[in-house]
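Undergrad: Predicted model follows, preceded by the sequence.
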There are 2 protein chains.
Amino acid sequence: MSTEAKVPLSSTPSEVAAPEGHANPEERILAVAYELFSRRGVRDVGVNELIERSGVAKATFYRHFPSKDSLVLAFLEQRDKLWTVEAIVTQARRRGKTPVERLLAIFDVLGEWFQREDFEGSTFIHVLLEMGPSHPLGQASIDYLAKLRGHVQTMAEEAGLVSPDEFARSWQILMKGSMISATGGDLQAARRAQRMAGWLIEHHTASPEVRGADSNAGVAASDK
Amino acid sequence: MSTEAKVPLSSTPSEVAAPEGHANPEERILAVAYELFSRRGVRDVGVNELIERSGVAKATFYRHFPSKDSLVLAFLEQRDKLWTVEAIVTQARRRGKTPVERLLAIFDVLGEWFQREDFEGSTFIHVLLEMGPSHPLGQASIDYLAKLRGHVQTMAEEAGLVSPDEFARSWQILMKGSMISATGGDLQAARRAQRMAGWLIEHHTASPEVRGADSNAGVAASDK
DNA sequence: CCGGGGAGACAGACCGGTCTTCCTCCCTGT
DNA sequence: ACAGGGAGGAAGACCGGTCTGTCTCCCCGG
């Protein structure tokens, strides 16, 4: 058996995930769940549909996942690994030569993602709003969003930016806002966010001399 | 029909836990719906609960609202009026002296809203993600978000900013992003967004002196 | 023999929505 | 002045459907 790359973002040629390729039921269930949860949210997909589309018996489902929520938890973990890390962070790192370029490349990746017609919106934001911040699944989503913010903060530190935490939190506002706007139909949201992201970088750049003053400085800084 | 100023003396014997002040059932239902939908989203609140908490009969409910969706539609309209317009736009206009101050005051209002412990998150974003962009209620949410963006654009024009449409779309990315971050627990999200909003204003300010030119973003490494 | 897996009936709760029953107010015709 | 009737509201049974989760039955391979 070929080891098979794990379906990064699309892969599956056409329709919903098929049992093909995954021998054991657990992988089949998780693959189907990934597909359906990503596209329609966790509340909209019932256990019966998951079971039907993964060609598995109900008892088998509940033997591997004691509850639907535990499957959702596994799905979120998978989403973090395949989407946040592999599709976003790793991709962005690969594209830029300098640390700053790598940061800005995040919005290039997001922009391409927004253009895709199977763009589903952000899973973690979706689940967070669906379940609420106090629900365990909402909390898990918050945690994964914080994990993503940690990646941004690391990249900011690599770029030598000041106040990496403040930077990453502001950066994430831009990411979240652009994702919501893209869900609402603004396909240029990534470009707009990227423009603001540039200004954010400028204001967190430790300049050798000038720029001691706070609020806004010139904008046409060279850089780049 | 048109009479309305009648006081129900000793009528309506069952006045259990219904919202005080609202005599007619339609207002009671809408008031309860506003409360529950705002706090928990529309999917989480069923018609039975609405009926029970507004002290109304089921037939009465369906006489005034032919379906749950039509009530949600009425709720969204109410939300636009009470929240978007009265709580945000009017408040922000009242606070600032100059057009630019009025724009920035939006994030002051948002910041205070985030601090409230009954902060519920943004209704329109919530409904949009709950129902999806293609559902009529999701579409309505998109429309109301566009209406809010129109207010921002108007304020931008009053401030004499260039590219008011581009400005308003970028501005809304900051608003949406800060609301999601606030839902996730970042109570400083409004402050951070406001900082970026200040830079956005600068870059849309048509300064007679320097900075004319096409400005461009001049920072990103993309432009694909 | 035994355990995992497929198929599916079933339970119990809840969903949006319809309809029936009764009661009370208010308008109107004589 | 007063009886009658229509309208609106309260209470709630009911319907078909969906939800998560349990349990039974049978098969098949090691």
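TA: Yep, it's here.
Undergrad: List, one by one, the residues from chain A near DNA strand D.
TA: Contacts of chain A with DNA strand D, taken as CB under 7 Å from any atom of the strand, map to A:Val45, A:Gly46, A:Val47, A:Asn48, A:Glu49, A:Lys58, A:Ala59, A:Tyr62, A:Pro66, A:Ser67, A:Lys68, A:Asp69. Backbone N, C-alpha and C define where each C-beta goes, glycine included.
Undergrad: contacting residues for A:Gly177?
TA: For A:Gly177, the contacting residues are A:Ala189, A:Ala193, B:Gln172, B:Ile173, B:Leu174, B:Met175, B:Lys176, B:Gly177, B:Ser178, B:Ile180, by CB atoms under 8 Å, 6 or more residues apart in numbering or on different chains.
Undergrad: nope, A:Arg95 is what I meant
TA: So A:Arg95 contacts A:Glu101, A:Arg102, A:Ala105, A:Asp108, A:Val109 (CB under 8 Å, 6+ apart).
Undergrad: And the buried ones among the residues you listed, selectable in ChimeraX?
TA: Filtering these down to the buried ones (16 or more other CB atoms under 10 Å in any protein chain shown) takes a single ChimeraX command:
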select /A:101,102,105,108,109
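Undergrad: ok, the contacts of A:Arg95 vs A:Gly184, which is closest?
TA: Relative to A:Gly184, the closest of the contacts of A:Arg95 is A:Val109; by CB to CB it sits at 19.8 Å.
Undergrad: need the contact list for that closest one.
TA: A:Ala87, A:Ile88, A:Gln91, A:Ala92, A:Arg95.
Undergrad: Recalculate using a threshold of 10 Å.
TA: A:Val109 makes contact with A:Ala87, A:Ile88, A:Val89, A:Thr90, A:Gln91, A:Ala92, A:Arg94, A:Arg95, A:Ala190, according to CB atoms under 10 Å, 6 or more residues apart in numbering or on different chains.
Undergrad: Wasn't the first one part of a helix?
TA: In other words, A:Ala87. Yes: counting by DSSP: H, G, I helix; E, B strand; the rest coil, A:Ala87 is found in a helix.
Undergrad: quick one: it from B:Arg53, how far?
TA: From A:Ala87 across to B:Arg53, the span is 44 Å (CB to CB, to the nearest Å).
Undergrad: do the same with the last one
TA: A:Ala190 sits at a distance of 42 Å from B:Arg53 (criterion: CB to CB).
Undergrad: In terms of neighbours, single out the busier of those two.
TA: Using other CB atoms under 10 Å in any protein chain shown as the criterion, A:Ala190 and B:Arg53 rank with A:Ala190 on top: 28 against 20.
Undergrad: Not counting residues beside it along the chain, what's closest to that one?
TA: A:Gly111 (3.3 Å; CB to CB, 6 or more residues apart in numbering or on different chains).
Undergrad: Name the nearest residue to the most centrally placed residue in chain A, sequence neighbours excluded.
TA: Using CA atoms, centre = their mean, the residue of chain A that lies closest to the mean C-alpha position is A:Thr84, 4.0 Å off. Leaving aside its chain neighbours, A:Thr84 sits nearest to A:Leu148 (5.1 Å; criterion: CB to CB, 6+ apart).
Undergrad: The one you found belongs to a strand?
TA: No: using three-state DSSP, the assignment for A:Leu148 is helix, not a strand.
Undergrad: who touches it in this structure?
TA: Counted by CB under 10 Å, 6+ apart, A:Leu148 has contacts A:Asp80, A:Trp83, A:Thr84, A:Val85, A:Ile88, A:Val89, A:Ser122, A:Phe124, A:Ala168, A:Gln172, A:Met175.
Undergrad: Please give me every residue in contact with the second one.
TA: By CB under 10 Å, 6+ apart, the contact set of A:Trp83 is A:Pro8, A:Leu9, A:Tyr34, A:Ser38, A:Val89, A:Trp113, A:Ser122, A:Thr123, A:Phe124, A:Tyr144, A:Leu148.
Undergrad: How much space separates it from A:His135?
TA: From A:Trp83 to A:His135 the distance is 21 Å (CB to CB).
Undergrad: Would you point out the most distant pair within the contacts of A:Gly177?
TA: A:Ala189 and B:Ser178 (15.0 Å).
Undergrad: returning to what we had before: can you dump the C-alpha atoms of the strand or helix carrying the residue nearest to A:Ala190 in PDB for me?
TA: Element membership for A:Gly111, per DSSP states H and E: helix A:99-115. C-alpha atoms of helix A:99-115 as PDB (Å, rounded to 0.1, in the frame of the first residue of the first chain):
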ATOM      1  CA  PRO A  99      10.900  36.700   7.400                       C
ATOM      2  CA  VAL A 100       8.800  39.700   6.500                       C
ATOM      3  CA  GLU A 101       8.000  38.300   3.100                       C
ATOM      4  CA  ARG A 102       7.000  35.000   4.800                       C
ATOM      5  CA  LEU A 103       4.600  36.800   7.100                       C
ATOM      6  CA  LEU A 104       3.000  38.700   4.200                       C
ATOM      7  CA  ALA A 105       2.800  35.500   2.200                       C
ATOM      8  CA  ILE A 106       0.200  34.300   4.600                       C
ATOM      9  CA  PHE A 107      -2.300  36.600   3.000                       C
ATOM     10  CA  ASP A 108      -1.200  35.400  -0.500                       C
ATOM     11  CA  VAL A 109      -2.100  31.900   0.600                       C
ATOM     12  CA  LEU A 110      -5.400  33.000   2.200                       C
ATOM     13  CA  GLY A 111      -6.200  34.900  -1.000                       C
ATOM     14  CA  GLU A 112      -5.900  31.900  -3.100                       C
ATOM     15  CA  TRP A 113      -7.900  29.900  -0.700                       C
ATOM     16  CA  PHE A 114     -10.700  32.500  -0.800                       C
ATOM     17  CA  GLN A 115     -10.800  32.200  -4.600                       C
END
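Undergrad: Name the next helix or strand following it along the chain.
TA: helix A:123-131.
Undergrad: Off-centre distance for that following helix?
TA: 12 Å (CA atoms, centre = their mean, to the nearest Å).
Undergrad: for stretch A:157-174, same thing?
TA: 17 Å.
Undergrad: remind me which residues of chain A are low pLDDT?
TA: A:1-22, A:208-224 (pLDDT under 70).
Undergrad: how about the helices in chain A?
TA: Remark: helices assigned in chain A by DSSP state H are A:25-40, A:47-53, A:58-64, A:68-79, A:91-95, A:99-115, A:123-131, A:136-158, A:164-183, A:189-203.
Undergrad: and the first one, which residues are buried?
TA: Of the residues in helix A:25-40, those buried under the neighbour-count criterion (16+ other CB under 10 Å) are A:25-39.
Undergrad: Can you name the residues that contact A:Gly111?
TA: A:Ser178, A:Ala182, A:Leu187, A:Gln188, A:Ala189, A:Ala190, A:Arg191, A:Arg192, A:Ala193, A:Gln194, B:Ser222, B:Lys224.
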